[in-house]
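Q: what's the 3D shape of this:
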Amino acid sequence: MDENIIDVLYRKLPTLSVTDKKIAQAILKAPAQVVNATISQLAKTAQVSDASVSRFCRNLGLAGFHQLKIRLAQVSEDKNSYYQQVDAGNLQQALKNIATNKIAEITSTLGNTNPATVTKILKALQVASLVQVAGSDGTYPVAADAVYKFNQLGILTIASESYASAVAQTMNLPQDAVLLVISNSGETRDLLQQIAVAQEKGVLVIAITNRPDSPIGLKADLQLTTAVRQKILQSEYFFSRVAAMTAIEALFLLLLSENKAYLSHIKAHEALVANTKI
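A: Sure, this is the predicted structure:
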């Protein structure tokens, strides 16, 4: 099944050329209208040439404008699949739209995941002697969440917010370890260097990123792609931890459902920390 074209456009938007970005934004503003538009009408709305729209379609890997319309027709009526504007001037509506955007992120992240890939990731995590989770800047809280959850299951998991410490950990990973890398752009230089160190040692690399065609996505042995429905200002999209944490949560729950022995480990951990609660 073809990937939701709305997901594709949101994911690629930050990396598109100025012209292609104008076309993508015009489509995302009113997907249903584009389904019934001509190539000239879309070009006029986006203030570009007809030829630019044709190139845009080819840049997306589509045969042409007709195929773009077909892909849009499959999802354009789903109003929850694309971004809902957040205006703090109307707080009640803004909160509702934020909820809609986050639900779309979660639904698209889980709905577009390849079951065969997930199966391989689950197996790798279960047999790993050690899991290292790597994330930088805004993604590190997601890495910390993964460390907590996987250790609760009984899977020894480590991470470090300091790159110097993190790459030192990677240098000491045994061959049967797993490196789980979390990155929005998929272009973080430090994380790419960590991947290179891990792969030189024969360590399996799993990536969670918005862009499967990014350097990190292409370098990873296995990859989960997250969806994004959040933006700042008028056109700049940024990383949402909700989608990445959803991916971690999904792995946690799937591991728990596959091996009930993990549940006893969680209970034992809860018992040990129970005296810290009122």
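
Q: C-terminal to the least confident helix or strand in the chain by mean pLDDT, what's the next element?
A: Scoring the helices and strands of the chain by mean pLDDT, DSSP states H and E places strand 236-237 at the bottom, with a mean of 42. Toward the C-terminal end, the helix or strand that comes next after strand 236-237 (DSSP states H and E) is helix 241-258.

Q: span of stretch 194-205 from start to end?
A: 10 Å (CA to CA, to the nearest Å).

Q: now do it: everything it contacts.
A: 124, 128, 132, 134, 166-167, 170-171, 173-175, 177-179, 181, 216, 219-222 (CB atoms under 8 Å, 6 or more residues apart in numbering). No exception for glycine: its C-beta is placed from N, CA and C like everyone else's.

Q: how about low-confidence regions in this structure?
A: 1-2, 76-88, 98, 100-101, 229-240, 277-278 (pLDDT under 70).

Q: how's it carved up into domains?
A: 5-82, 111-276 (automatic domain parsing).

Q: which one of those lies closest to residue 95?
A: domain 111-276 (14.0 Å; CB to CB).

Q: and the strands in the stretch 51-200 of the chain?
A: Taking DSSP state E, counting those that start in this stretch to define them, one finds strands in the stretch 51-200 of the chain at 131-135, 157-158, 178-183.

Q: could you check how far the longest one is from the centre of its chain?
A: Shown here is strand 178-183, whose average C-alpha point lies 12 Å from the average C-alpha point of the whole chain (CA atoms, centre = their mean, to the nearest Å).

Q: so that strand versus strand 131-135, what angle?
A: Angle, strand 178-183 to strand 131-135, by axes from the mean of the first three to the mean of the last three CA atoms, to 10 degrees: 20 degrees.

Q: can you tell me, leaving aside adjacent residues, what's nearest to the most centrally placed residue in the chain?
A: The residue lying closest to the centre of the chain (CA atoms, centre = their mean) is residue 226, at 1.9 Å. Spatial nearest neighbour of residue 226, chain neighbours left out: residue 243 (3.8 Å); criterion: CB to CB, 6 or more residues apart in numbering.

Q: now residue 117
A: Residue 117's closest residue in space is residue 222 (CB to CB, 6+ apart), at 5.9 Å.

Q: who does that neighbour form a beta bridge with?
A: residue 206 (DSSP bridges).

Q: state the distance from it to residue 213.
A: 15 Å (CB to CB, to the nearest Å).

Q: those two: which has the busier surroundings?
A: Higher neighbour count among residue 222 and residue 213: residue 222, with 17 against 12, using other CB atoms under 10 Å.

Q: who are the contact partners of the residue nearest to residue 117?
A: 117, 120-121, 124, 204-207.

Q: tell me how many other residues surround residue 95.
A: Neighbour tally, residue 95, other CB under 10 Å: 12.

Q: right, I mislabeled it, should have said residue 183
A: Around residue 183 there are 30 residues (other CB under 10 Å).

Q: now swap in residue 252 and tell me
A: Residue 252 has 21 nearby residues by other CB under 10 Å.

Q: pretty sure it sits against residue 151.
A: No. Judged on CB atoms under 8 Å, residue 252 makes no contact with residue 151 at a distance of 10.8 Å.
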